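here are the coordinates; sequence isn't available:
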C-alpha cells in the first residue's frame with residue numbers, strides 16, 4: 001500500500017502534525033536530478049512553496065540551491081541549504097537589497113525602474129560574483145486551476161513587457177526571468193519555451209541565462225519528462241544560454257501528510273465533524289485556491305455510506321475542509337490523514353484564534369517517526385507583543 005507507513009504510525013501521532021515522507025522526497029529528488037543531468041539545467045528549490053530545513057538533507061545533493069522571494073527566505077536558504085541562492089522580490093528597498101546581498105549572488109528585479117536604481121549597488125557589492133536578472137511577463141496565460149496564480153493575467157504586477165528590453169536595459173543584466181506556470185504539465189512547459197524563443201529571441205542573444213521559473217509539475221505521474229528534456233536541450237542549443245528551473249510544490253508532490261483527530265461529531269442538516277486541523281489555519285489553500293485535499297480511505301460526498309462535513313476548530317464560519325464519505329461512521333478520537341500536504345501548507349499556516357500550529361515531523365523509510373519541532377503558546381504570543 002502506498003500509504004502503509006503513515007497508516008501504521010498514525011495511532012501514535014500527537015495531532016495536529018505535518019509529516020514529511022523522506023522516501024518520497026528522495027524519489028522526487030531523483031526525478032529532478034535526472035532532468036538536471038540530462039538537460040544540463042540549473043535546478044533550484046523554490047522555498048516559497050516548501051521550506052522545512054529538516055528535509056534539506058534529503059534534497060541538497062540533488063539540487064543546485066534555492067530560490068527566495070525575499071530576505072528571510074534568502075537567509076534560510078543560505079544558512080540551511082548551503083548552496084546558491086537566487087532572490088526575486090517584486091520590490092526592494094535599498095536596505096533590504098543590501099541585506100539580501102549578504103545571502104544571495106543572484107538578484108532578480110521586477111521592473112526597469114528598480115533595475116536602474118539598484119543594479120549599480122549589486123555590482124558594487126558583489127563584483128564579478130554578481131548575477132543580475134530581470135523578470136519578463138511573456139503575456140502567455142497557461143494557468144487554469146486558479147486566476148489567483150496566473151502571473152500573466154491582464155494587469156499583472158509581475159515582470160516588464162518585452163518592449164522594455166531595450167539595449168541599455170539588456171546591458172545591465174545577464175539573466176532573463178520568466179515565471180508563468182502553476183502545476184502545469186509538460187505540454188505547457190514546452191509551449192512556454194517555444195513562446196519565449198519566438199517573442200524574446202533578440203533579447204536571448206544578449207544574456208547568459210534564462211530562468212523559466214517554477215510550476216513545471218515534473219514529479220506528477222502524467223508529466224512527460226522526455227518532452228521537457230528534449231525541449232530544454234533544443235532551447236539551450238538554439239540560444240546558447242544556461243536554463244534555470246525553480247520548481248517548488250512539485251519537489252514535495254505527494255511527499256507528506258497532515259494528520260488530525262476528530263474532536264466532535266453532531267448533526268445540523270447533515271452529519272458534521274470538527275477536527276483539530278483547520279482549512280483556515282493549517283491549509284489555507286483549501287479556501288484560497290480553492291481545492292479539496294484527499295483523506296486516506298475517504299470518498300466524495302455520497303460515494304461511501306457515511307458522509308460528513310469536516311470543519312476546523314476555529315470561529316470562522318467558512319473554515320470548512322469539505323464533504324467526505326467513509327466506509328464506517330467516524331468516531332471521536334479517530335485519526336484522519338490528509339495527503340500531499342507539504343506544498344504551501346507549512347509556509348502559509350497561521351495562528352488565527354490561537355489554534356496550535358501542527359508539529360513538524362519526519363516519517364523515515366523504515367517507518368520511524370521523528371518529531372522535529374513542537375509549537376506552543378509562545379509561538380502564538382510572540383508575534384502579538
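Yep, that arrived. Just so we're clear, the structure is a prediction, and the values are computed from it rather than from any experiment.

how's the chain carved up into domains?
Using automatic domain parsing, the domain ranges for the chain come out as 4-16+256-341+356-381, 23-251.

which residue is the nearest non-sequential neighbour of the residue positioned nearest the centre of the chain?
Centroid-nearest residue in the chain: residue 49, 2.1 Å away (criterion: C-alpha atoms, centre = their mean). The shortest distance from residue 49 to any non-neighbouring residue, by C-beta to C-beta, 6 or more residues apart in numbering, is to residue 248 (2.7 Å). Quick note: C-beta positions are derived from backbone N, CA and C, even for glycine.

next: residue 150.
Nearest to residue 150 is residue 143, by C-beta to C-beta, 6+ apart, at 4.0 Å.

ok, now how distant is the one you found from residue 168?
From residue 143 across to residue 168, the span is 32 Å (C-beta to C-beta, to the nearest Å).

so which of these two has more stuff around it?
residue 143 (20 against 9; other C-beta atoms under 10 Å).

surely the more buried one touches residue 182?
Yes: under the criterion of C-beta atoms under 8 Å, residue 143 makes contact with residue 182 at 4.6 Å.

can you tell me which strand in this structure is longest?
Assignment by DSSP state E gives strand 256-267 as the longest strand of the chain.

need the contact partners of that one.
For strand 256-267, the external contacting residues (C-beta atoms under 8 Å, 6 or more residues apart in numbering) are 6, 10, 13, 15-21, 24-25, 271-277, 282-283, 293, 308, 313, 330-342, 345, 358, 363.

restricted to strands, list these.
Among the contacts of strand 256-267, DSSP E puts 17-21, 271-275, 308, 335-339, 363 in strands.

out of those, which are buried?
The neighbour count (16 or more other C-beta atoms under 10 Å) marks 17-21, 272-275, 308, 335-339, 363 as buried among the ones in strands among the contacts of strand 256-267.

name the nearest of those residues relative to residue 320.
Proximity of these to residue 320 (C-beta to C-beta) peaks at residue 272, which lies at 9.3 Å.

grab the nearest non-local neighbour of the closest one.
That would be residue 309: by C-beta to C-beta, 6+ apart, it lies 4.8 Å from residue 272.

in the sheet, which residues pair with that neighbour? Tell me.
residue 272, residue 323 (DSSP bridges).

same check on residue 264?
Counting by DSSP bridges, residue 264 forms beta bridges with residue 274.

what is the neighbour count of it?
Counted with other C-beta under 10 Å, residue 264 comes out at 11.

just name the most buried of the domains of the chain.
domain 23-251 (a mean of 19; mean count of other C-beta atoms under 10 Å).

and that one, end to end?
End-to-end distance for domain 23-251: 12 Å, by C-alpha to C-alpha, to the nearest Å.

kindly report the same for stretch 143-150.
Taking C-alpha to C-alpha, stretch 143-150 runs 5 Å from one end to the other.

same check, this time on stretch 325-344
26 Å.

same check, this time on stretch 162-178
11 Å.

if we can go back for a sec, just put the domains of the chain in a markdown table and tack on mean pLDDT.
A markdown table is the format used below for those (pLDDT from 0 to 100):
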| stretch | mean pLDDT |
| --- | --- |
| domain 4-16+256-341+356-381 | 97 |
| domain 23-251 | 96 |
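
let's have those domains in TSV, adding distance to residue 349.
Listed next are the domains of the chain as TSV, based on distance: least, C-beta to C-beta, whole Å:
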stretch	distance to residue 349
domain 4-16+256-341+356-381	5
domain 23-251	12
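
quick one: which of those domains is nearest residue 350?
domain 4-16+256-341+356-381 (5.4 Å).

so how far is the closest one off the chain centroid?
Put simply, domain 4-16+256-341+356-381 sits 21 Å off its chain's centre (C-alpha atoms, centre = their mean, to the nearest Å).

just the helices in the stretch 251-385 of the chain please.
279-282, 285-288, 345-348, 377-381 (DSSP state H, counting those that start in this stretch).

what angle do strand 335-339 and the longest strand of the chain make with each other?
130 degrees (axes from the mean of the first three to the mean of the last three C-alpha atoms, to 10 degrees).

what angle do strand 256-267 and strand 17-21 make?
On the basis of the same axes, to 10 degrees, strand 256-267 is oriented at 140 degrees to strand 17-21.

and the residue nearest to residue 272, how close does it get to residue 320?
From residue 309 across to residue 320, the span is 6 Å (C-beta to C-beta).

residue 277 now?
12 Å.

equivalent analysis for residue 126, please.
On the measure of C-beta to C-beta, residue 126 and residue 320 end up 49 Å apart.

same thing with residue 82?
41 Å.

check residue 35 too.
Applying C-beta to C-beta to residue 35 and residue 320 gives a distance of 38 Å.

so how far is residue 13 from the closest residue to residue 39 other than its chain neighbours?
Distance criterion C-beta to C-beta, 6+ apart; nearest residue to residue 39, sequence neighbours excluded, is residue 232 at 4.0 Å. Computed as C-beta to C-beta, the residue 232 to residue 13 distance reads 41 Å.

try residue 108
On the measure of C-beta to C-beta, residue 108 and residue 13 end up 40 Å apart.

got the contact list for the residue nearest to residue 318 when sequence neighbours are not counted?
Of all residues beyond its chain neighbours, the one nearest residue 318 is residue 287 (6.6 Å), with distances taken as C-beta to C-beta, 6+ apart. Counting by C-beta under 8 Å, 6+ apart, residue 287 touches 279-280, 318-319.

can you tell me what sits against the host helix or strand of residue 230?
Using DSSP states H and E, residue 230 sits in helix 225-239. Residues from elsewhere that reach helix 225-239, judged by C-beta under 8 Å, 6+ apart: 31, 34-35, 38-41, 186-187, 189-190, 193-194, 197, 201, 204-205, 210, 216, 218, 241-243.

that helix: what's the following helix or strand?
Under the assignment DSSP H and E, the closest C-terminal helix or strand after helix 225-239 is strand 242-245.

so how far is that following strand off the chain centroid?
18 Å.

other SSEs contacting that strand?
The contact analysis (3 or more C-beta pairs under 8 Å, 6 or more residues apart in numbering; DSSP states H and E) places strand 242-245 against strand 42-46, strand 209-211, helix 225-239.

perfect, I'm done here.
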